[in-house]
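Enquirer: no FASTA, just this:
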């Protein structure tokens, strides 16, 4: 392990790592460019480097993209990658309150902490963690997805019914295209392009970016900028202290991120959603979540960034990539004749450990660059809305097109965007729709695989037995009960305060009359 | 009459429509359709619950929460409509002019329209900023990330 550290600290390794981080900053910031796409594009460049330098560069890109996707999420409510969706829930309200710099520093610092934790797990706990991860089969993934859906309770806004409907609409949109069972074309309505399904990135850009642009246009006559921003001194230190004052929150988010990260196929978006949900559930005062609570930003960012290095654990221990960028890194290693898996651990231990240290260093470099650039980045919100709205629309178009080079994705993105903009006026929150879009492709294949297993035994045996299933079902039920109870309590409090106000009003009127 | 514009009632109608559109296309095979079927049931269930809520509000004589289009918001609605039209025209023109030229025209046209104080300086900004942004995006996406954008069909080979 020490040799790995020495190797990772070599100037050439550090140089390529920093290059990867800087490219990751661009990739994450631009909606539509994902970490997977960035790492894939960078692979040919790594052929000229040592294998260790090459994967350090790819790792740096991956880690930094997981941070920088929070920048557009916080500033213009447009997640750079699907993983930053939960960051936007509180990051953008913070920007609207003039706390944009705070939001970016918080996401940057918590990203660094998450990366350090995830990379620490990679270096120290890889084998025990993988033993637990191997216990996750399709039914467990199904229940994990269902558990993540319970966040709708916190995102629904005023109406839980509309939140549920939004989630269901997202799930339905995600089920368009070829089915996971018998590969039937579903909900294509005679349009051949729909057989390929709705691209997740295009869908998310439609849900978040387009309504935001249309909102900017509609508010143009009332305000010139997204929000006022007055640069303040000491914001970075204050925010860092604020993040550090919540050690339990950090440990919970990091543990969730690392654990979800090692589950192949789950990935950073689900880590962020589960972590956000838990932050809301365990918070003493959850009333500010969704309205600009810094813990919302940190919960999502810590988990996302802990999941990134953790997704490399199944790759180096079993040869199974835990995420799409991990699959690209596996490909890069294989192209150099290094087959990821237990063998590589034995034959090239230094390389494996130096990669772990590089991921850790990437977190630190990301933090330094992110904090340095934060005051500069926040100036985006001072661009006049009349110029910013068309530019974000252009980026949204490019982003949704670039994923599959398919112009039909742009139509879908626009259609979803206009729909969400209109239904927002009816009390819908975009969050549940985005959540449905993200969780649909995780829940449905797991459900169908579990049903195939159930064909051989029984549904009860597959879905309702086993420690992990029972635990996930229990916490799902508890989570739903908690949401119902807290909403009921809020309503009761509202009624009581309204009654008290009414009484005091009547009393005041009576006193006035007597006088 | 106002009840017809009640937020919950309008939502229920929209959900019934969405549910019906997907319901019609549902198939019989359990493994292929169980997931969308559950989601459709959920949408229809919420629509029924919202309708029941509206009926209950009528019985209890509660005031409806009406969707209003205020007169003072009309210019903002027109702005949104014009912006959407510009984007739709752009989607159509893109095939003929090619992605990048159409993008320059769309962003400039939208920026000029959205510039309320049409001074010489503001108009200049509304043209220069989109052109520069499109040039930067062109180089980043086409030459760094190799994304092949639609080329012009009205004069082939152009961007």
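Expert: Perfect, I can see it now. Just so you know, these numbers come straight off a predicted model, no measurement behind them.
Enquirer: residues near residue 47, how many?
Expert: I'll assume chain A. 11 (other CB atoms under 10 Å in any protein chain shown). (Each C-beta comes from the backbone N, C-alpha and C, glycine too.)
Enquirer: right idea, wrong chain: chain B
Expert: Residue B:47: 22 neighbours (other CB under 10 Å).
Enquirer: Look through chain B and state the residue closest to chain A.
Expert: residue B:31 (3.5 Å; CB to the nearest CB).
Enquirer: ok, and the closest non-adjacent residue to that residue?
Expert: Counting by CB to CB, 6 or more residues apart in numbering or on different chains, the nearest residue to residue B:31 once its immediate chain neighbours are dropped is residue A:181, at 3.5 Å.
Enquirer: repeat for residue B:134
Expert: Residue B:134 sits nearest to residue B:104 (CB to CB, 6+ apart), 4.7 Å away.
Enquirer: State the distance from the one you found to residue B:85.
Expert: Using CB to CB, to the nearest Å, we find residue B:104 at a distance of 18 Å from residue B:85.
Enquirer: what about the two, which has more around it?
Expert: Remark: of residue B:104 and residue B:85, residue B:104 carries more neighbours, 20 against 11, as counted by other CB under 10 Å.
Enquirer: What residues does the more buried one make contact with?
Expert: B:130, B:131, B:134 (CB atoms under 8 Å, 6 or more residues apart in numbering or on different chains).
Enquirer: Any idea how many residues pack against the last one?
Expert: This means residue B:134. Neighbours around residue B:134, by other CB under 10 Å: 23.
Enquirer: what sits against it?
Expert: A:394, B:100, B:103, B:104, B:107.
Enquirer: how about 7 Å then?
Expert: By CB atoms under 7 Å, 6 or more residues apart in numbering or on different chains, the contact set of residue B:134 is B:100, B:103, B:104, B:107.
Enquirer: Over to residue B:49?
Expert: Residue B:49 neighbours (CB under 7 Å, 6+ apart): residue A:161.
Enquirer: circling back: quick check: pLDDT value at the residue nearest to residue B:31.
Expert: On the pLDDT scale, residue A:181 is placed at 75.
Enquirer: Also residue B:144?
Expert: Residue B:144 is given a pLDDT of 77.
Enquirer: Now it. Its backbone dihedrals?
Expert: Main-chain torsions, residue B:144, degrees, to the nearest 10: phi -100, psi -50.
Enquirer: Dihedrals phi and psi, residue A:50?
Expert: Dihedral angles (degrees, to the nearest 10) for residue A:50: phi -60, psi 150.
Enquirer: quick one: contacts for the residue nearest to residue B:31?
Expert: A:448, B:29, B:31, B:32.
Enquirer: From residue A:309, how far off is it?
Expert: Counting by CB to CB - residue A:181 and residue A:309 are separated by 35 Å.
Enquirer: Any part of the helix or strand encompassing residue A:485 near chain B?
Expert: Element membership for residue A:485 (DSSP states H and E) is helix A:467-514. No - on the criterion CB under 7 Å from any CB of the partner chain, helix A:467-514 is out of touch with chain B, staying 14.0 Å away.
Enquirer: How far away from the center of its chain is that helix?
Expert: When distances are taken as CA atoms, centre = their mean, to the nearest Å, helix A:467-514 is centred 30 Å away from the chain's centroid.
Enquirer: now chain B, which segments are flagged as low pLDDT?
Expert: B:1-3, B:156-159 (pLDDT under 70).
Enquirer: just the helices in it please.
Expert: Ranges of helices in chain B, per DSSP state H, are B:7-24, B:30-59, B:74-97, B:99-114, B:120-138.
Enquirer: which one of those has the most crowded surroundings?
Expert: helix B:99-114 (a mean of 22; mean count of other CB atoms under 10 Å in any protein chain shown).
Enquirer: Off-centre distance for that one?
Expert: Worked out by CA atoms, centre = their mean, helix B:99-114 lies 18 Å from the chain centre.
Enquirer: Equivalent analysis for stretch A:2-15, please.
Expert: 30 Å.
Enquirer: for stretch B:68-86, same thing?
Expert: With CA atoms, centre = their mean, you get 13 Å for stretch B:68-86.
Enquirer: Is it in proximity to chain A?
Expert: Yes - judged by CB under 7 Å from any CB, stretch B:68-86 and chain A are in contact via B:75, B:76, B:79, B:80, B:83, B:84.
Enquirer: picking up where we left off before, how about the contacts of residue A:181, which pair is most distant?
Expert: A:448 and B:29 (10.8 Å; CB to CB).
Enquirer: Show me which of those two is the more surrounded one.
Expert: residue A:448 (21 against 11).
Enquirer: Quick check: the residue of the stretch 1-150 of chain A nearest chain B.
Expert: Closest point on the stretch 1-150 of chain A to chain B, by CB to the nearest CB, is residue A:41, at 6.0 Å.
Enquirer: so which strand or helix has the residue in chain A positioned nearest to chain B?
Expert: With CB to the nearest CB, the shortest gap between chain A and chain B falls at residue A:181, namely 3.5 Å. In the assignment (DSSP H and E), residue A:181 maps to no helix and no strand.
Enquirer: residues touching residue A:343, list them.
Expert: Counting by CB under 7 Å, 6+ apart, residue A:343 has no contacts.
Enquirer: Please give the element, helix or strand, for it.
Expert: Applying DSSP H and E, one finds residue A:343 within helix A:342-347.
Enquirer: buried set for that helix?
Expert: Across helix A:342-347, burial judged by 16 or more other CB atoms under 10 Å in any protein chain shown covers A:344, A:345.
Enquirer: What sits closest to residue B:133 if chain neighbours are left out?
Expert: Residue B:133 sits nearest to residue A:391 (CB to CB, 6+ apart), 5.4 Å away.
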